[in-house]
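Student: A predicted structure for the sequence below; I have some questions about it.
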Amino acid sequence: MEKFIIIVFLLLSQVGYSQVYLSSNSQHRNSEFKTEEGFSVFAPKKSIQLKTVKSVLGLQIGIAEPILGLSYERLFSSKLAAEVAIGLICVSIGPKVYFSPVRPEKVNFYVGVIGGAGYFSEGSYGYLPIGISRLWKNYIMLSFDVGPHTGNVYSDGEFGPGARFKVGKAF
C-alpha cells in the first residue's frame with residue numbers, strides 16, 4: 001500500500017509541475033471580412049479577457065466524507081489546487097491536480113488525494129478522487145468525482161466506493 005501511495009504522489013507532483021503553454025487570447029485565429037469591392041480581408045478576432053480563477057467556494061454532497069459540507073478550493077497554478085472541506089462532524093484536506101488549466105467554458109479532469117477525520121468513518125479516512133469539472137461563463141463550477149474510499153463504518157478499513165458532487169462559485 002505504501003508503494004501505491006508513493007507512486008500516486010510522484011505522479012501527481014509531475015503532472016502538477018509540468019508547464020503547458022496555452023494562450024488565453026484568440027489572437028492567432030483570424031476572421032474573414034469582405035470589403036465593399038468584394039475582396040477578402042483577414043483580421044484578428046476580438047479577444048475576450050477572462051479573469052483568472054484563484055478560489056472556489058461551494059457546497060458538496062456525497063458518499064465520501066464530508067457527506068454534506070462546505071468546501072473551499074484554492075488554485076496555486078493553472079493545474080495544481082488544494083481543497084479543504086468542513087461538514088457535519090468531519091473535516092478533510094488534500095491536493096488536486098487538473099490535467100488541463102481551469103478556464104471558463106472548459107471541461108477539466110482531475111485527480112487528488114484527500115485525507116480527513118470524521119464521525120461516520122470512525123476516525124481518519126482516505127479518498128482518491130478521479131473527477132470531472134466544468135466552469136461556466138458566470139463562474140459557477142460543477143464537479144463530480146468517484147474513487148476508492150477507506151476508513152468508513154461499512155467497510156471495516158477496506159477500500160470501498162466513494163463519490164461526491166460539488167457546486168461552487170469561482171472568484
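Tutor: Ah, there it is.
Student: now the residue nearest to residue 140 when sequence neighbours are not counted: how far from residue 88?
Tutor: Here the nearest residue to residue 140 in space, its sequence neighbours aside, is residue 169; by C-beta to C-beta, 6 or more residues apart in numbering that works out to 6.2 Å. (Each C-beta comes from the backbone N, C-alpha and C, glycine too.) Applying C-beta to C-beta, to the nearest Å, the value for residue 169 to residue 88 is 21 Å.
Student: what does residue 110 give?
Tutor: Residue 110 sits at a distance of 25 Å from residue 88 (criterion: C-beta to C-beta).
Student: ok, those two, which is more surrounded?
Tutor: residue 110 (21 against 12; other C-beta atoms under 10 Å).
Student: Spit out the contact partners of the more buried one.
Tutor: Counting by C-beta atoms under 8 Å, 6 or more residues apart in numbering, residue 110 makes contact with 81, 96, 97, 98, 99, 129, 130, 131, 132, 133, 145.
Student: so who does the second one touch?
Tutor: In this case it means residue 96. Residue 96 makes contacts with 73, 80, 81, 82, 83, 110, 111, 112, 129, as judged by C-beta under 8 Å, 6+ apart.
Student: so what's the closest residue in space to it that isn't next to it in sequence up against?
Tutor: Closest residue to residue 96 apart from its sequence neighbours, by C-beta to C-beta, 6+ apart: residue 112 at 3.8 Å. For residue 112, the contacting residues are 12, 83, 94, 95, 96, 97, 128, 129, 131, 145, taking C-beta under 8 Å, 6+ apart as the criterion.
Student: how far away is residue 112 from residue 94?
Tutor: 6 Å.
Student: Common neighbours of the two, please.
Tutor: Both residue 112 and residue 94 are contacted by residue 83, under the criterion C-beta under 8 Å, 6+ apart.
Student: Going along the chain, name the helices of this protein.
Tutor: With DSSP state H, the ranges of helices along the chain come out as 2-17.
Student: where are the low-confidence patches of it?
Tutor: Flagging of the chain using pLDDT under 70 yields the residue ranges 1-50, 152-157.
Student: The spatially closest residue to residue 83 that is not a sequence neighbour pairs with what?
Tutor: With C-beta to C-beta, 6+ apart as the measure, residue 73 is the residue that lies nearest to residue 83, at 4.7 Å, once sequence neighbours are left out. According to DSSP bridges, residue 56, residue 83 are recorded as the beta-bridge partners of residue 73.
Student: Next: residue 60.
Tutor: residue 69, residue 166.
Student: May I have the residues that are in contact with it?
Tutor: Residue 60 is in contact with 66, 68, 69, 70, 71, 85, 87, 164, 165, 166, 167, counting by C-beta under 8 Å, 6+ apart.
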